[in-house]
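Trainee: Next one to model:
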Amino acid sequence: MTKYEVMIIINPTLEDAKKDAVVESFQNIIAADGAVEKVDVWGVKKLAYPIDKKEEGYYVVIDFEANPTLPYELNRKLKINDNVMRHIIINKDEK
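Mentor: Numbers count the residues shown, from 1 in each chain. Presented below is the predicted three-dimensional model:
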């Protein structure tokens, strides 16, 4: 299994319960085909540039292990989620 890291920026105007639900849904997607190692919630931070006229975003970083096919599916689901403003998936094993 390969080690990955995904950083997700969620819409900060959502209620806390909905933010937690978004994070939990992606944890479940990862856990179905891999293993979640660590979830690091950074909270609301100022963005480097405005996204959809928002100056802040709710940052979450998830470290996980998975087969090489899981990041493609995770990326697809992150793109179609309206609550996710930006995301990036990094292969930590690739040097």
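
Trainee: count of neighbours near the residue lying closest to residue 69 once chain neighbours are set aside?
Mentor: Distance criterion CB to CB, 6 or more residues apart in numbering; nearest residue to residue 69, sequence neighbours excluded, is residue 33 at 7.7 Å. Just so you know, the C-beta spots here come from the backbone N, C-alpha and C atoms, and that holds for glycine as well. A count of neighbours around residue 33, defined by other CB atoms under 10 Å, yields 14.

Trainee: now residue 39
Mentor: Residue 39 has 15 nearby residues by other CB under 10 Å.

Trainee: host element of it?
Mentor: Per DSSP states H and E: residue 39 is located in strand 34-51.

Trainee: got a list of contacts for that strand?
Mentor: With contact meaning CB atoms under 8 Å, 6 or more residues apart in numbering, strand 34-51 is reached by 1, 3, 9, 12, 23, 27, 30, 54-67, 70, 85-86.

Trainee: Any chance of a PyMOL selection covering the buried ones in the residues you listed?
Mentor: Listed next is the PyMOL selection for buried residues among those, using 16 or more other CB atoms under 10 Å:
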select buried, resi 3+9+12+23+30+56+57+58+59+60+62+63+64+65+66+70+85
